[in-house]
Structures are given as structure tokens and as C-alpha cells.
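Asker: my questions concern the predicted model and sequence given below.
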Amino acid sequence: MKTSLKIQNLQVHFPLRGGLLPGVKRVCRAVDGLSLTISPGETLGIVGESGCGKTTLGKAICRLVPATGGEILLDGENVLSLRGKNLLRFRRSVQMIFQDPAESLNPRQTVGQILEEPLSIHKVGKSSERKERIREILEEVGLDPSAADRYPFEFSGGQRQRIGIARALVLEPSLIICDEAVSALDVSVQSQILNLLLELQKKHGFAYLFISHDLAVVRHVADRIAVMYLGKVVEEASREVLFSNPLHAYTRALISAIPSADPLAKKKRILLEGDVPSPIDPPPGCAFAWRTYLPCTPEEASRPGEFIEAEPAHWVEAHPGTIENYAERFPEIDRVAN
């Protein structure tokens, strides 16, 4: 079954306790007012520096961490309000592939036990049917069915990730969240796993939320790309548009950091000043404007940006510190802000 996912103003805040007086003192705003849509069968890439909230977003969609506010709508049904059998039904339709297959697979279980566990929890088929399903899914991810009798530590990193993919696929979900699914693998193995993911999507028609810090990898697999910065989406567009016409200064900086395959090619790297602000104590206004390479006064930086559709299906945070020649491109917004 193909489903669509819509995220509206999602917030995931973690209270920080401690100090001399009891009670909550500060809040870590890991995801802070994020909105996205994933259509059936498409791949949405999520990119950004470490600490921008990518993994927290994926876990919040899977209900592995609680959301503070907003909505996650699966075919119009608010996932955050589901309980009991309805929540179990949702978990079957949304699965996750984790970054480190060695840590995400139970070392005390055989591969067959790992793959049978979700089938047993969701009461899918009889024992003989489950074992047949396990054999089918192992072959589908490029492993011999005899792997079911072995333990995860007996496999290489790439093979363990194939097991992780098989576990995500075994319940036939409509959405798979890939959280840095290839970042822990060798480059040669990365390409094999990426091609496998694309082949499986073509065969089954499910959607991917592909989380990665590597824009080159996301460019290979994604239909659309959303760029995250400090818990928010700052630019979203199709793959082709984002790479041919990036508008946000942060997106431009990320693209400039992609290594070139030609060692003789001359490429100007955009260097950003300072570090990513802390989600515990974010700066006022536009968070990126405080470290932008564009001309931007502190007064301008202290004003929030406006997330607008700059061109059809191309959304960006419009602000003097994020858009080159901002006043010329968006005179109406600039006039209102001033």
C-alpha cells in the first residue's frame, strides 16, 4: 500500500535538568518547527551538518522519540495520537535502517531470529510461512538463505547492512527511513548498497526518507532534497534545481564542499565562520545569519527569515544573511521587514 506522509510544524524539544534548583532549566530544540511532505514512491533527501536534527527527525517519525508539538500525518491520520493496536499498525508501515549495522543487530540472535521477530510481533503468517518469507527477503538483498542460521558478527559491514535492509523490508512497509545508511561503509560498498536500495524501491514502490551529511550521496538517490540547519528546513527543491540553482547561502557552502572527481579542477570553497550554534541556546532571529559570508548587520541578523516559495516547488528561507542580493531578489519582503 502506497501512503503519503505530511509533517507540519514538528517540534522535538528535550528538557535539560540540573543545577542548584529543581525543575527544567533549559531546553534543547533538536527539531524546531519543521514541515515536510513525502509523496508515495519518492525519495526525499535530508542533508545538513552533524547536530542539525536529522536523526531526531527520523526517530520522531518512527515514534522512537516523543514529539513536543506539531503533526505527523500518514494519509491524513495524525501519527502522534496513535496508541495500542493503531500504533502497532503504523509501525508496520514505517521502518528504519540505522547507521551502524553492528550496533543495531542483536548479537545474541541469528539472522533468522532477527528477521522473524517483527513477523512474530505483527502476527504475520505461520512459522513455515515466516521462514519462507525470510529466505525470500535474504535472496532479495543479495544474501544466501543459509545466512539465516548465522550470527551478525560472522558477516562484513556491508553484509550486516544488507541484513538491516532485509529487516526493514520484511514487513513490506510503505516508507523506509534511512539514517546515514551508508556512512559507516567503505566507498566501494556504499555504491553497492545505494544501488540495492534503488533497485528495491523500483521493485516495491515504497518511499525513502534518506538522511545523510553527504550531499554527493543524496544527489545520487534523492528526487527532492531538504537542507536542515539547527532544527529547521532552510531550503527545499528537486535534486536538479537545488544543485543547478541553490539560493540559500548554507546550501551553497555545502555544495562547494563536495570533492571533485577531477584533481585538476579548480573549485572555490565557501568557508563559514564559527561553529553551528547550540540548539540549547540558539541566537535570535535567523540562526544562520550570524555566521554567514554575506553582508549582514547584527540588526538584520536578529530578525527572523521568511520561508517562501522563491520559484515553483523551490522553497527557501529568505533573509539578507541567507540570500545573495536579497533586497534585489525580494524587494517586497525586504520593504516589509524594514
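Answerer: Received it, and whenever you're ready, just let me know what you need.

Asker: C52: neighbour count?
Answerer: Around C52 there are 25 other residues, counting by other Cβ atoms under 10 Å. (Glycine included, C-beta is placed from N, CA and C.)

Asker: may I ask you to name the longest helix in the chain?
Answerer: Identified as the longest helix of the chain according to DSSP state H is helix 187-204.

Asker: using PDB, list the CA coordinates for that helix.
Answerer: Provided in PDB are the C-alpha atoms of helix 187-204 (Å, rounded to 0.1, in the frame of the first residue of the first chain):
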ATOM      1  CA  VAL A 187      33.200   3.700  -0.500                       C
ATOM      2  CA  SER A 188      33.100   0.600  -2.800                       C
ATOM      3  CA  VAL A 189      30.500  -1.000  -0.600                       C
ATOM      4  CA  GLN A 190      28.500   2.300  -0.400                       C
ATOM      5  CA  SER A 191      27.800   2.200  -4.100                       C
ATOM      6  CA  GLN A 192      26.600  -1.400  -3.900                       C
ATOM      7  CA  ILE A 193      24.200  -0.600  -1.000                       C
ATOM      8  CA  LEU A 194      22.900   2.500  -2.700                       C
ATOM      9  CA  ASN A 195      22.200   0.600  -6.000                       C
ATOM     10  CA  LEU A 196      20.400  -2.100  -3.900                       C
ATOM     11  CA  LEU A 197      18.200   0.500  -2.300                       C
ATOM     12  CA  LEU A 198      17.300   2.000  -5.600                       C
ATOM     13  CA  GLU A 199      16.500  -1.500  -7.100                       C
ATOM     14  CA  LEU A 200      14.300  -2.400  -4.100                       C
ATOM     15  CA  GLN A 201      12.400   0.900  -4.400                       C
ATOM     16  CA  LYS A 202      11.800   0.400  -8.100                       C
ATOM     17  CA  LYS A 203      10.500  -3.100  -7.400                       C
ATOM     18  CA  HIS A 204       8.300  -2.400  -4.400                       C
END
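
Asker: next SSE after that helix?
Answerer: Next helix or strand after helix 187-204 toward the C-terminus (DSSP states H and E): strand 207-211.

Asker: now that following strand: how far from the chain's centre is it?
Answerer: 6 Å (Cα atoms, centre = their mean, to the nearest Å).

Asker: quick one: strands adjacent to that strand?
Answerer: strand 43-47 (parallel), strand 175-179 (parallel) (DSSP bridges).

Asker: thinking again about what came up before, ok, residues contacting the longest helix of the chain?
Answerer: The contact list for helix 187-204, computed with Cβ atoms under 8 Å, 6 or more residues apart in numbering, reads 41, 43, 140-142, 156-158, 161-162, 165, 169, 172, 178, 181-182, 185, 206-208, 217, 220-221.

Asker: thinking again about what came up before, and A261, which of the strands paired with strand 207-211 is closest to it?
Answerer: A261 lies closest to strand 43-47 among those, at 19.4 Å (Cβ to Cβ).

Asker: before we move on, the earlier item: now intersect the contacts of helix 187-204 with the strands, please.
Answerer: When DSSP state E defines the strands, the subset of the contacts of helix 187-204 inside them is 43, 178, 207-208.

Asker: center of the protein, which residue is that?
Answerer: The centre of the chain sits closest to I211, judged by Cα atoms, centre = their mean, with a distance of 3.1 Å.

Asker: tell me where the stretch 51-200 of the chain has helices.
Answerer: Applying DSSP state H, counting those that start in this stretch to the stretch 51-200 of the chain gives helices spanning 54-61, 84-93, 101-104, 111-121, 127-140, 157-169, 187-204.
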